[in-house]
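Novice: build me a structure from this.
(2 chains)
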Amino acid sequence: MAEETESTKTEPLKTAEEEFKKLEITEEEESELKLETSDHVTFMVEASIAMKFGAVQQYLEVSPAASASATAIPLHNVASRELILILEYYRMHDWVDAGERDLKEFDERFLKDLNYEELKELLLAANYLNVEKLFNFLTKSIANIIRNKDVEFVRTFFGIDNDYTPEEEAAYREENAWAGVKFV
Amino acid sequence: MENNNSAANRNNSLLNEILVTIFMSLNVADIASASLVCKSWNEACRDPSLWHKLDLSRLNSYYFNIPNYKLRPWEDMHSDKIMTQFLKYVLSLSNGNTSCIVFNFHFYLRDVQFITAASRTPNLKRLVLPKIGELSEVAVEKAMKSWGGLESISITSIVRNSNIFSAICKYGKNITEMKLTCDFKEYHADAMIEYTRKLKVLSIRSIIVSMKALCRVLSYLEHLEEVNICHSLILDTTAGPTSQVVVYRTMDDLGKHLAPSCLGKLIFCEGGRDGYGGGSLVTACDVWLMMMVE
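Specialist: Numbers count the residues shown, from 1 in each chain, chains lettered A, B, ... in the order given. Here you go, the predicted model:
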């Protein structure tokens, strides 16, 4: 992951430095931050990306010394599995050469590859990390998928288990007969 | 173990919040559908924040599998039954938290739906009625009794006669805002003066307004602050024995009949303010007049 950044991301790195200055973090010009997930995995993350995480910003405000990469910034509520996904999303969206179509394709695939449990974990992680762009992308996409769809489609799409008893289900369907074929 | 439990609980309540955020951008029919997916979605669908406003204005007949090729897709008995079921279900999700109902303007409202809505929305503050339907006086009275806290109402031609309008006013003592999209007649003014004493804002724009009714509400409703008569045609049909119609075209005309303090409460369009025959007021008036003559 680190290699990929060094070889392909000279341009974003420059902007990262600028952004860094903007944020008035007066430590030496540091292009990477060390993040540690709840399952104790350390990630070296481009500052340009890490600084988009509200939780990281907040941490650095309180203890600016952590921006010197010797100390890792702990992310208590984010596991490595979710952080990898979040970084994948942000690296793609930060990549200057990515065209609109690439991003659209990427976004679609990104969402499609997640099962419901993963999606839930990712939403929680995005919420804790306070990564607005990803969080908004996820919530908006989910809303768009639900819109105008019947219950079975939604269950299948997200892989949600129907935890209603057959009796409960039947009662609900009776109450919702107004929706006609939509729920059948 | 305990730690795990509390973390799981925290995650669950957070997920619930996130689901509510997602559902915020969905319409009522989609939320109803989402509530059937699983128990945790159902719980999120019952969040009060989703139900303060029950906006049916954009729900077309598509959502109910009602064919929309008909001129009035809502009028038949099948649609009637479907709509009652729908209201019952969504208002069960709302759990009494709805303070505003906006009906789809073209939806055909009958007694059964009106009472269904009223009995499940005890905290209603604002109501926008559809244009057509059949409401009986008894049903309106029953509904209005349960809506004691109603503050704002939009009256349409569904309120067909003075009895029904009186029934609304009689139990709508807390109404401070009223909008009429049907003709504003003297019986409206009388019922308002008798019952809805707290009325502050009255919108009677783009309709035919009886001059006498206008004078009465301006004189007798002491809390009245604003009367919107933009684009309205102000007529006095009872001026002479030969059923001569007097049209008030400009603010100057109105000024001859109204005290300056009353005139100050009126909101009117540019054509009226200029004091001469031009602008939208007169244009609208002329159209109305032609319709009247026919």
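Novice: what's near enough to touch the residue lying closest to residue B:74 once chain neighbours are set aside?
Specialist: Nearest in space to residue B:74, with sequence neighbours left out and distances taken as Cβ to Cβ, 6 or more residues apart in numbering or on different chains, is residue B:108 at 4.0 Å. The way it works is simple: take the backbone N, C-alpha and C, and place the C-beta from them, glycine included. The contact partners of residue B:108, by Cβ atoms under 8 Å, 6 or more residues apart in numbering or on different chains, come to B:72, B:74-75, B:79-80, B:130, B:132-134.
Novice: please apply the same query to residue B:42.
Specialist: Residues B:35-36 are the ones in contact with residue B:42 under the rule Cβ under 8 Å, 6+ apart.
Novice: buried residues in the helix or strand harbouring it, which are they?
Specialist: If you go by DSSP states H and E, residue B:42 is part of helix B:39-45. Within helix B:39-45, the residues that qualify as buried are B:41-42, B:44-45, counting by 16 or more other Cβ atoms under 10 Å in any protein chain shown.
Novice: again, but for stretch B:16-31
Specialist: Those would be B:18-23, B:26-31, for stretch B:16-31 by 16+ other Cβ under 10 Å.
Novice: filter those residues by proximity to chain A?
Specialist: B:18, B:21-23, B:26-27, B:29-30 (Cβ under 8 Å from any Cβ of the partner chain).
Novice: now for those, which pair is the farthest apart?
Specialist: B:18 and B:29 (21.5 Å; Cβ to Cβ).
Novice: can you give me the strands in chain A?
Specialist: A:32-36, A:42-46, A:73-74 (DSSP state E).
Novice: tell me the most buried of these?
Specialist: Mean neighbour count (mean count of other Cβ atoms under 10 Å in any protein chain shown) peaks for strand A:32-36 among the strands of chain A, with a mean of 21.
Novice: and the gap between residue A:36 and chain B?
Specialist: The gap separating residue A:36 from chain B is 18 Å, by Cβ to the nearest Cβ, to the nearest Å.
Novice: distance of the closest residue in space to that residue that isn't next to it in sequence relative to residue B:87?
Specialist: Leaving aside its sequence neighbours, residue A:36 sits nearest to residue A:72 (Cβ to Cβ, 6+ apart; 3.9 Å). According to Cβ to Cβ, to the nearest Å, residue A:72 and residue B:87 sit 56 Å apart.
Novice: higher neighbour count, the two?
Specialist: residue B:87 (23 against 17; other Cβ atoms under 10 Å in any protein chain shown).
Novice: is it correct that that one falls within a strand?
Specialist: No. Counting by DSSP: H, G, I helix; E, B strand; the rest coil, residue B:87 is not part of a strand but helix.
Novice: what about the closest residue to it other than its chain neighbours, which helix or strand?
Specialist: Spatial nearest neighbour of residue B:87, chain neighbours left out: residue B:116 (4.9 Å); criterion: Cβ to Cβ, 6+ apart. Following DSSP H and E, one finds residue B:116 within helix B:111-119.
Novice: what comes up buried for that helix?
Specialist: B:111, B:113-118.
Novice: can you list the residues of chain A near chain B?
Specialist: Checking chain A against chain B by Cβ under 8 Å from any Cβ, the hits are A:120, A:123-124, A:127, A:139-140, A:142-143, A:146-151, A:154-155, A:160-164, A:169, A:172-173, A:175-183.
Novice: selection in PyMOL covering whichever of the residues you listed are buried, please.
Specialist: Buried residues among the residues of chain A next to chain B (16+ other Cβ under 10 Å), as a PyMOL selection:
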select buried, chain A and resi 120+123+124+127+139+142+143+146+149+151+154+155+160+164+172+175+176+178+179+182+183
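Novice: which ones among the residues of chain A next to chain B map onto helices?
Specialist: Judged by DSSP state H, the subset of the residues of chain A next to chain B located in helices is A:120, A:123-124, A:127, A:139-140, A:142-143, A:146, A:151, A:154-155, A:169, A:172-173, A:175.
Novice: least confident of those residues?
Specialist: Sorting those by pLDDT puts residue A:173 at the bottom of the list (86).
Novice: pLDDT on the helix holding residue B:116, on average?
Specialist: On average, helix B:111-119 scores 96.
Novice: for residue B:12, what are its contacts?
Specialist: So residue B:12 contacts residue B:40 (Cβ under 8 Å, 6+ apart).
Novice: just the element for it, please.
Specialist: Going by DSSP H and E, residue B:12 is in helix B:2-24.
Novice: please name every helix or strand in contact with whatever helix or strand comes next after that helix.
Specialist: Downstream of helix B:2-24, the next assigned helix or strand under DSSP H and E is helix B:28-34. Judged by 3 or more Cβ pairs under 8 Å, 6 or more residues apart in numbering or on different chains; DSSP states H and E, the packing partners of helix B:28-34 are helix A:132-146, helix A:151-158, helix B:2-24, helix B:39-45, helix B:77-94.
Novice: 7 Å instead?
Specialist: Counting contacts by 3 or more Cβ pairs under 7 Å, 6 or more residues apart in numbering or on different chains; DSSP states H and E, helix B:28-34 packs against helix B:39-45, helix B:77-94.
Novice: could you export these as a markdown table, including mean pLDDT?
Specialist: Listed next are the helices and strands packed on helix B:28-34 as a markdown table, based on pLDDT from 0 to 100:
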| stretch | mean pLDDT |
| --- | --- |
| helix B:39-45 | 96 |
| helix B:77-94 | 89 |
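Novice: any chance of those in CSV, plus distance to residue B:103?
Specialist: Shown next, in CSV, are the helices and strands packed on helix B:28-34 (distance: least, Cβ to Cβ, whole Å):
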stretch, distance to residue B:103
helix B:39-45, 21
helix B:77-94, 10
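Novice: still on that earlier bit, can you put the strands of chain A in TSV and add mean pLDDT?
Specialist: Formatted as TSV, these follow (pLDDT from 0 to 100):
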stretch	mean pLDDT
strand A:32-36	89
strand A:42-46	92
strand A:73-74	90
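Novice: residue B:232: which of those is closest?
Specialist: Per Cβ to Cβ, nearest to residue B:232 of those: strand A:42-46, 63.5 Å.
Novice: now the closest one - C-alpha only, CSV.
Specialist: Taking C-alpha atoms only, strand A:42-46 is exported to CSV below (Å, rounded to 0.1, in the frame of the first residue of the first chain):
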residue,chain,number,x,y,z
THR,A,42,-0.6,0.3,12.1
PHE,A,43,-1.1,2.1,8.8
MET,A,44,1.0,4.7,7.2
VAL,A,45,-1.5,7.0,5.6
GLU,A,46,-0.9,10.0,3.4
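Novice: what residues of the helix or strand following the helix holding residue B:42 count as buried?
Specialist: Downstream of helix B:39-45, the first helix or strand assigned by DSSP H and E is strand B:53-55. For strand B:53-55, the neighbour count (16+ other Cβ under 10 Å) marks residue B:54 as buried.
Novice: skipping its backbone neighbours, what lies nearest residue B:189 in space?
Specialist: residue B:213 is the one closest to residue B:189 (Cβ to Cβ, 6+ apart), at 3.8 Å.
Novice: wait, the one you found sits on residue B:190?
Specialist: No. Judged on Cβ atoms under 7 Å, residue B:213 makes no contact with residue B:190 at a distance of 8.2 Å.
Novice: so between these two, which is more surrounded?
Specialist: Remark: of residue B:213 and residue B:190, residue B:213 carries more neighbours, 21 against 18, as counted by other Cβ under 10 Å.
Novice: could you tell me the model confidence score at that one?
Specialist: The model's pLDDT for residue B:213 equals 94.
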